[in-house]
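Asks: Whatever this is, show me its structure:
(chains A and B, ligands or ions: 1)
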Amino acid sequence: MSGYLASLEAESIEIIREAVALAEKPVMMYSIGKDSSVMLHLARKAFWPAAPPFPLLHVDTTWKFREMIAFRNRMAQESGMKLLVHTNHQRKAEGVNPFTYDSDTYTGLMKTEALKQALDAGKFDVIIGGARRDEEKSRAKERIFSFRSPGHRWDPKLQRPELWNIYNARIHPGESIRVFPLSNWTEADIWQYIADENIEIVKLYFAAPRPVVKRSGQWIMVDDDRFPLNPGEVPEMRTVRFRTLGCYPLTAAIESKATTIAEIVEETQTARTSERQGRLIDHDQSASMEKKKQEGYF
Amino acid sequence: MRDTLRFITCGSVDDGKSTLIGRLLWESKQVFEDHLSALERDSTRYGTQGEAIDLALLVDGLQSEREQSITIDVAYRFFATPRRRFVVADTPGHEQYTRNMATGASTSELAVLVVNGSKGLQTQTHRHARIVSLLGIKHLVMAINKMDLTGWDEVAFAKIVEDFQPVVRDLGFETFQPIPISALNGDNITELSSAAPWYKGPALLTYLEEIDATTGVPDLKFRMPVQLVNRPNHDFRGYCGRVASGKVGVGDRVRIVPGGMETKVRSIVAWKAELPSAGSGDSVTLCLEDEVDVSRGSVIVASSDPLELSEQFEARVLCLSDHHLVAGRSYLLNLHTCQAVATITAIKHQVDVRTGSHLAAKTLAMNDIGVVNISTDRPVPFEPYDRCRRLGSFILVDRLTNETIGAGMIDFSLRRAANIRWQAVDIHKAARARQKLQKPVCLWFTGLSASGKSTIANMLEKRLFAAGKHTYMLDGDNIRHGLNRDLGFTESDRVENIRRVTEVARLFVDAGLITIVSFISPYRAERDLARSRFEVGEFIEVYVDTPLEECERRDPKGLYAKARRGELTNFTGIDSEYEPPESAEIRLDTVNNTVEQCVEHILYKLEHGMASKPEAN
Ligand SMILES: Nc1nc2c(ncn2[C@@H]2O[C@H](COP(=O)(O)OP(=O)(O)O)[C@@H](O)[C@H]2O)c(=O)[nH]1
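Replies: Residues are numbered from 1 along each chain as shown, chains lettered A, B, ... in the order given. Below you'll find the model as predicted:
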């Protein structure tokens, strides 16, 4: 492993250990994607030979790729950690879905609201998440220990100055801290680390023939028969892969021939677009991520 | 050299800092197409460049700040070139944002100070330089921007640099590189621009790729603050932490502070494997031979290099909050992994960050920096900040609001905690050197009579002294008249002369001093003998290479003339041979260089740790 990656790894392990040392009831968000896979790997390293002393939490919108769910269950078992899965059943029963509702409403209810429900139910005070500063402009200023007011709101003015490697996790009841151990990683670092450490990831990241349709110039995978096809629309087989994984109707695939980690690393190094390009939720408004964050989105 | 450089950028509003960072990201191809199309959209809406793309918008993040067209808070950006990775802490320049700058500086090794070349130095520039220096940054780049607006005026550039030199010296920066640039047009960013043929230095990115940004502070031995105790079952008990300094190996003797118990390292546990050793920056789990009392906040240290423990220190403190820091009030103090209740017992003075002068103060308001005395409810383990950032930095947390209200850097302990037993330890060379914050070396000047040895050595000593270094000079004057009064100029006396000088120099280096020896020392064999008495890297041969004709021409004391007339015998260069060094670490050409230039050259090599390799003749 390069010196650079080794020091990123050491820093992340230090952060995860601080989170645990300072928390009453910590939890780690697990979204099954590549960043989550790296974060889980780092957590296991941090506490080896013990299992990480916190549960994994997955907010399941029920619209994840099927492959992701199987992978999630296997990983939780392998790590010896408890897996908590939460779905916003009430909204689900009300018929919220990613097709009839705009992505803002859908994400707001099935992800953000669901996450708050799960955190409140579990009374977690420190929530470890996999966000990176390089993902998006408004993330570049995010703290490693990010303060959340009651109701999980993120207020830029209440963020605590963060100097050196000293973190302030003291809170009053109802407040919480989100901890981002991958803050200083870039997408390229994540892939390089996956390659160097041989970390298992969901197969959807590798190119394979998959059934897709073209919507607003992007390839969307038809993962199950809940996908409502437009009149005359026929799924076609294309060799595609995903740079990020979310809900399948909201995550665009890219055409690619990369079937190994090495090929993916090479592709990312020459990529012309950012990975968030494939996330349909980000393009809505210029500062959409900032707004979502204030409401408590991860 | 490290493969990552963490640096902070600072500058006053509108000097072009955002444009510069946008430019660096752009040039290193970190801008994706979708970011670019957002940028094109935004450029017309918020930009200052009309229809053209405004690179500053690449980095001005939050919507609220975009609407005010200013940068608030600290943003972290990442970019890479094939040679190095960069982490940029981007901080705004407003007066009220000292705390942001301190935050960015706390994890940076170098500062890029952006100055508007068409306006010249501003008070802000001094302020920024002082803040980054207070936070321990030793390497400074001054990016003199908007040179296009000055028509690439060399004189304007030189004046800014000259006016700023005293500040650089005052604040003790180890390196300083001024670079004329245009962030807007991309001149002197990745490559040298034809706009300024008079500029002979490196382009900005090239310099950032190449600089060795470590500091001259000697390394401490092993220290690891314990983050947590990992105890999954009765068979395993490991201490988790990140190594703050030095190295540790299996079998090494270590001590626990506080407590003072000694034991040995049984194993270093990593993921599904064990390691033979670990070094500074590694996150590890240590298992120890004996059952000792270790908990979060303890520091495991090399037995041979004890760590200080104190309940009272003097520190520099920066107030980060609207709530003033007040003497007599108690706060929570987080120092590495250790927490204590702390009280500011006295505010000694406030530092005027513009001039460095001391102001009387009763409280410290947001963005004020002061020197204070702090006492804690129990002794805590620490190192002075200038020796180890990780063990010398702390934050103060308000006990009521939980706000991070202050950030501090420990300067020294005011009193040794009374109840600590100090194991007798050897005071050795490394310990003495560390106390003086310098690497002791012997600079051995050799060269003909009148070659310029003493003049250069004298000026060098003055410069080192001014920089706070501890030095001593050995030359004919203080040796021949005392210690070696019994020796003459025969060959055997000369050899004995040099032998004694060598031994004295060795003792001085052992005492931690930068020792300057200035003797003709004509014979290669005796210089090599001198060298053999020092450790590798400690002996630096400085060859003052002035041709005989030139020395004879200078002849300040008329000695060559006397020797030529036969009134002096055994005179080196005339009737006694001088054997020039074959691989001196430093060679000075005094015909083509001034004394100042020679001294600068030596200082440069010392600062950059390059004085241990021979220089080409
Ligand atoms: N002529 C010229 N203008 C520049 C240069 N760099 C920046 N500017 C302009 O100076 C203004 C302020 O730049 P900005 O990067 O926002 O400054 P910041 O406040 O320091 O971040 C903008 O209009 C820039 O386009 C330069 O090298 N030459």
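Asks: make it CA atoms for all contacts and neighbour counts henceforth
Replies: Fine.
Asks: Give the residue farthest from the middle of chain A.
Replies: A:Gly232 (34.2 Å; CA atoms, centre = their mean).
Asks: How much space separates B:His214 from B:Val317?
Replies: In this structure residue B:214 is Thr, not His. Noted for B:Thr214: a distance of 24 Å to B:Val317, by CA to CA, to the nearest Å.
Asks: Between these two, which is the more surrounded one?
Replies: Neighbours per residue, other CA atoms under 10 Å in any protein chain shown: of B:Thr214 and B:Val317, the larger number sits with B:Val317, 28 against 18.
Asks: residue contacts, that one?
Replies: For B:Val317, the contact set (CA atoms under 8 Å, 6 or more residues apart in numbering or on different chains) comprises B:369-372, B:406-409.
Asks: Contacts only, for the nearest residue to it once chain neighbours are set aside.
Replies: Spatial nearest neighbour of B:Val317, chain neighbours left out: B:Gly408 (4.2 Å); criterion: CA to CA, 6 or more residues apart in numbering or on different chains. Residues in contact with B:Gly408, defined by CA under 8 Å, 6+ apart, are B:315-318, B:393-396.
Asks: which residues touch A:Arg74?
Replies: Contacts of A:Arg74 (CA under 8 Å, 6+ apart): none.
Asks: Which strand or helix spans it?
Replies: helix A:66-79 (DSSP states H and E).
Asks: Buried residues, the helix or strand following that helix. List them.
Replies: Following helix A:66-79 in sequence order, the next helix or strand is strand A:83-86 (DSSP H and E). Neighbour-count burial for strand A:83-86, counted by 16 or more other CA atoms under 10 Å in any protein chain shown, picks out A:83-84, A:86.
Asks: Report all helices and strands that strand A:83-86 contacts.
Replies: The contact analysis (3 or more CA pairs under 8 Å, 6 or more residues apart in numbering or on different chains; DSSP states H and E) places strand A:83-86 against strand A:56-59, helix A:114-122.
Asks: closest one to chain B among these?
Replies: strand A:56-59 (18.5 Å; CA to the nearest CA).
Asks: Helix, strand or coil: sort out the residue minimising distance to the centre of chain B for me.
Replies: By CA atoms, centre = their mean, chain B has its centre lying nearest to B:Thr215, at 3.2 Å. Following DSSP: H, G, I helix; E, B strand; the rest coil, B:Thr215 is assigned to coil.
Asks: which residues touch it?
Replies: With CA under 8 Å, 6+ apart, B:Thr215 has these contacts: B:138, B:174.
Asks: what about it, distance to the ligand?
Replies: Distance, B:Thr215 to the ligand, by CA to the nearest ligand atom, to the nearest Å: 28 Å.
Asks: Distance-wise, check that residue relative to A:Leu84.
Replies: Where A:Leu84 is concerned, B:Thr215 sits at a distance of 47 Å (CA to CA).
Asks: Check A:Glu187 too.
Replies: To A:Leu84, A:Glu187 is 27 Å away according to CA to CA.
Asks: Switch the buried residues of strand A:83-86 over to TSV; also include pLDDT.
Replies: Formatted as TSV, the buried residues of strand A:83-86 follow (pLDDT from 0 to 100):
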residue	pLDDT
A:Leu83	97
A:Leu84	96
A:His86	94
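Asks: and which of those residues is nearest B:Arg389?
Replies: Comparing the buried residues of strand A:83-86 against B:Arg389 with CA to CA places A:Leu83 closest, at 38.7 Å.
Asks: can you give me the helices in the stretch 101-250 of chain A?
Replies: Remark: helices assigned in the stretch 101-250 of chain A by DSSP state H, counting those that start in this stretch are A:103-107, A:114-122, A:187-197.
Asks: which stretch in these has the least confidence?
Replies: In terms of mean pLDDT, the lowest-scoring of the helices of the stretch 101-250 of chain A is helix A:103-107 (a mean of 86).
Asks: Show me what it is packed up against.
Replies: So helix A:103-107, by 3+ CA pairs under 8 Å, 6+ apart, packs with no helix or strand.
Asks: Not counting the lengthiest helix in chain B itself, show me its contacts.
Replies: Ordering each helix of chain B by length in residues (DSSP state H) puts helix B:491-510 first. Residues outside helix B:491-510 that contact it (CA under 8 Å, 6+ apart): B:428-429, B:440-442, B:472, B:474, B:479, B:484, B:487-488, B:514-515, B:517, B:521, B:526, B:530, B:533-534.
Asks: Tell me the spacing between B:Ala466 and the ligand.
Replies: Distance of B:Ala466 to the ligand, computed by CA to the nearest ligand atom: 34 Å.
Asks: Kindly report the same for B:Ile520.
Replies: 52 Å.
Asks: I'd like to check which residues are in contact with that residue.
Replies: Contacts for B:Ile520 (CA under 8 Å, 6+ apart) come out as B:445-449.
Asks: so which of those residues comes closest to B:Arg554?
Replies: Proximity of these to B:Arg554 (CA to CA) peaks at B:Ser449, which lies at 9.9 Å.
Asks: Would you mind confirming that that closest one makes contact with B:Thr572?
Replies: Yes - at 7.5 Å, B:Ser449 counts as touching B:Thr572 under the criterion of CA atoms under 8 Å.
Asks: quick one: secondary structure of B:Val301?
Replies: Following three-state DSSP, B:Val301 is assigned to strand.
Asks: Near it, how many other residues are there?
Replies: Residues near B:Val301, counting by other CA under 10 Å: 28.
Asks: and what of B:Pro218?
Replies: Other residues close to B:Pro218 by other CA under 10 Å number 18.
Asks: Kindly report the same for B:Arg99.
Replies: B:Arg99 sits with 27 neighbouring residues when counted by other CA under 10 Å.
Asks: In chain B, what helix or strand scores lowest on average pLDDT?
Replies: Within chain B, confidence by mean pLDDT, DSSP states H and E is lowest for helix B:63-68 among all helices and strands, at a mean of 47.
Asks: Which helix or strand lies directly C-terminal to that one?
Replies: strand B:75-80.
Asks: Name the residues of the stretch 451-600 of chain B found near the ligand, please.
Replies: Proximity of the stretch 451-600 of chain B to the ligand, by CA under 6 Å from any ligand atom, involves no residues.
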